[in-house]
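>>> pasted the sequence and its predicted model underneath.
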Amino acid sequence: MKEGDKNPNSKQALPTLESSNRRKFLLGGAAVAATFLIKNSLFGTVQTSLSEMDISGISDPTKLPGLPPGEIGSRSVYENLKLLPLPASSRSPIQDFHGMITPSDLHFQRHHGGVPEIDPNQFELLIHGMVSKPKVFKLKDLKKFPSTSRILFLECSGNYQGGREDLSPQQVAGMTSQSEWTGVMLSTLFREVGVDPKAKWFLAEGSDAAVMTRSVPLDRAIKEGMLVYAQNGEALRPEQGYPLRLILPGWEGNISVKWLRRIEFSDAPFMTREETSKYTEPVGNKVRQFSLEMDARSIITYPSYPQRAEKGYIEIKGLAWSGRGAIIGVDISTDGGKSWNPAVIQQPVLDKAHVRFRYLWKWDGRETEIRSRAVDQTGYVQPTPKQLLAVRENTRYHFNPVTGWILKRDGRVLFNDDF
Ligand SMILES: Nc1nc2c(c(=O)[nH]1)N[C@H]1C(S)=C(S)[C@@H](COP(=O)(O)O)O[C@H]1N2
Ligand SMILES: [Mo]
């Protein structure tokens, strides 16, 4: 349409609420499809379809009634938070978060055979093998057990991308997320089935197209492992394993089997496809297997690529976590690793959970590189990329190096892991 042309169908003047009950409502370009009732003492109750109200041209929010209370909340149309979908995984926009909990719809996703649709009423969990009382549990049976909640991170052991300067935190480390998980402790449930003292492992099997199976060492899993049916206060999302998943705190994400349908006890590991073809790391001329704990890691999420940095005060911000316990410190370097100073860590600092760190710094505008380095309660210090590569030439699993951002004089912020 040429400029000045009038679309005969467009309403030029905004009808008042009293004069019409059908209008076009265009909010920031997004069509809001909702129906609501306006209670008006003079004109009675008018049903108005929001998707048909026209408020184009009105920008003062005090001059038009806002949206009524709805059935579900929404994110501001100005906040463009998105997962970054790759064929096999979606990465979480960690540079856009301000808190320790990952909004559920922005939790990273990793599916080996897609997201199955499971009817919770059809759902059954079979526990069998080396047990005296094999049992099938319905979801409602599991919900009757004493429950517990815990805030934990979940990270894929393949959570690394590097080697280029045009990478965002989401690309480098977006396969970690944190939720409050609610469910039943494995220790509670396993008492019900009478586990044979000779049983040392159990198989966890998912009901997705990948039929994901992993062997879990019983003595270590029983301490903290959970079967969870809720995430951040509501039922699990389908992408996170609805209606039931395993959560093994601090361990590589792969073993926290989603859409769980079967647990089988045994005296030896099962050597499933996923734990032999993958999820093993070449170390020298040996292979490391069942390397379950995720080592301490941190990443600066601000300033980061593709943001721009401005000379002056900068609050450097980021995330740190460890699968071996609590983070006890994060050090920051603003001179490319020559000197280090402690960052402030946001409370509460939880075991096996993301923490946020902050470090106030005044940038003089000269080119430099900022880095973060996490230390956990075992005393483990996050290694440099070269230190890690020296022992693991051939793998990017469990790759948790210190990484840096180079601040250019023109304000560009570029990723660096070449040190
Ligand atoms: N059944 C099943 N469980 C699974 C997977 C899967 O593909 N199928 N992916 C695993 C992998 S590799 C990871 S990293 C985590 C990812 O969990 P999320 O998608 O909830 O973030 O789930 C694990 N559990
Ligand atoms: Mo994973």
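Looks like it came in fine. Ligands and ions are numbered 1, 2, ... in the order given.
>>> could you measure from the most centrally placed residue in the chain over to residue 159?
The centroid of the chain falls nearest to residue 177 when counting by C-alpha atoms, centre = their mean (2.5 Å). Here residue 177 is placed at a distance of 10 Å from residue 159 (C-beta to C-beta, to the nearest Å). C-betas here are computed from N, CA, C, even on glycine.
>>> and for residue 85?
16 Å.
>>> kindly report the same for residue 143.
Counting by C-beta to C-beta - residue 143 and residue 159 are separated by 32 Å.
>>> contacts for stretch 280-289?
275, 276, 279, 291, 391, 392, 393, 394, 395, 397, 398 (C-beta atoms under 8 Å, 6 or more residues apart in numbering).
>>> output it as CSV - backbone C-alpha positions only.
C-alpha atoms of stretch 280-289 as CSV (Å, rounded to 0.1, in the frame of the first residue of the first chain):
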residue,chain,number,x,y,z
THR,A,280,32.4,-42.1,28.2
GLU,A,281,35.5,-39.9,27.9
PRO,A,282,38.8,-40.9,26.4
VAL,A,283,41.6,-40.0,28.8
GLY,A,284,45.0,-40.8,27.4
ASN,A,285,44.6,-44.4,26.1
LYS,A,286,41.9,-45.3,28.6
VAL,A,287,38.2,-44.6,28.7
ARG,A,288,36.5,-43.0,31.7
GLN,A,289,33.1,-44.5,32.3
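>>> which residues of the stretch 1-150 of the chain score low on pLDDT?
1-56 (pLDDT under 70).
>>> still on that earlier bit, of residue 143 and residue 159, which one has the most company?
Between residue 143 and residue 159, residue 159 has the larger neighbour count (other C-beta atoms under 10 Å), namely 25 against 15.
>>> mind listing what that one touches?
173, 174, 175, 176, 399.
>>> residue numbers of the stretch 101-250 of the chain in contact with ligand 2?
Residues of the stretch 101-250 of the chain lying close to ligand 2 by C-beta under 5 Å from the ion are 110, 156.
>>> in strands, which of the contacts of residue 159 appear?
Taking DSSP state E as the definition of strands, those contribute residue 176.
>>> just among the contacts of residue 159, which is most surrounded?
residue 173 (28 neighbours).
>>> is it true that that one touches residue 298?
No - shown here, residue 173 and residue 298 do not form a contact pair, counting by C-beta atoms under 8 Å, at 9.2 Å.
>>> just want the residue of the stretch 251-400 of the chain that's nearest ligand 1.
residue 253 (2.7 Å; C-beta to the nearest ligand atom).
>>> what sits against that residue?
So residue 253 contacts 110, 154, 155, 156, 157, 175 (C-beta under 8 Å, 6+ apart).
>>> which of these lies closest to ligand 2?
Nearest to ligand 2, judged by C-beta to the ion, of the contacts of residue 253 is residue 156 at 3.2 Å.
>>> so what's the residue count around that closest one?
Neighbour tally, residue 156, other C-beta under 10 Å: 22.
>>> picking that back up, okay if I get the contacts of stretch 280-289 as JSON lines plus neighbour count and pLDDT?
Below are the contacts of stretch 280-289 laid out as JSON lines (neighbours: other C-beta atoms under 10 Å; pLDDT from 0 to 100):
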{"residue": "275", "neighbour count": "18", "pLDDT": "82"}
{"residue": "276", "neighbour count": "13", "pLDDT": "77"}
{"residue": "279", "neighbour count": "22", "pLDDT": "78"}
{"residue": "291", "neighbour count": "17", "pLDDT": "86"}
{"residue": "391", "neighbour count": "12", "pLDDT": "86"}
{"residue": "392", "neighbour count": "17", "pLDDT": "79"}
{"residue": "393", "neighbour count": "10", "pLDDT": "71"}
{"residue": "394", "neighbour count": "10", "pLDDT": "73"}
{"residue": "395", "neighbour count": "19", "pLDDT": "77"}
{"residue": "397", "neighbour count": "20", "pLDDT": "90"}
{"residue": "398", "neighbour count": "23", "pLDDT": "94"}
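>>> including secondary structure, could those residues go into CSV?
Below are these laid out as CSV (DSSP: H, G, I helix; E, B strand; the rest coil):
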residue, secondary structure
275, helix
276, helix
279, coil
291, coil
391, helix
392, coil
393, coil
394, coil
395, coil
397, coil
398, coil
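>>> show me which of these is closest to residue 263.
Checking those against residue 263 with C-beta to C-beta, the nearest one is residue 275 at 15.8 Å.
>>> which ones, among the contacts of residue 253, also lie beside ligand 1?
110, 154, 156 (C-beta under 6 Å from any ligand atom).
>>> next step: these restricted to strands.
Using DSSP E, the ones next to ligand 1 among the contacts of residue 253 in strands are 110, 154.
>>> circling back: for residue 242, see how far away the residue nearest to the centre of the chain is.
For residue 177 relative to residue 242 (C-beta to C-beta), the value is 16 Å.
>>> next: residue 391.
Counting by C-beta to C-beta, the gap from residue 391 to residue 242 is 39 Å.
>>> next up, phi/psi of residue 235, please.
Main-chain dihedrals, residue 235, degrees, to the nearest 10: phi -50, psi 150.
>>> the spatially closest residue to residue 341 that is not a sequence neighbour and residue 113: what is the separation?
Nearest residue to residue 341, sequence neighbours excluded (C-beta to C-beta, 6 or more residues apart in numbering): residue 332, at 5.7 Å. For residue 332, the distance to residue 113 equals 41 Å [C-beta to C-beta].
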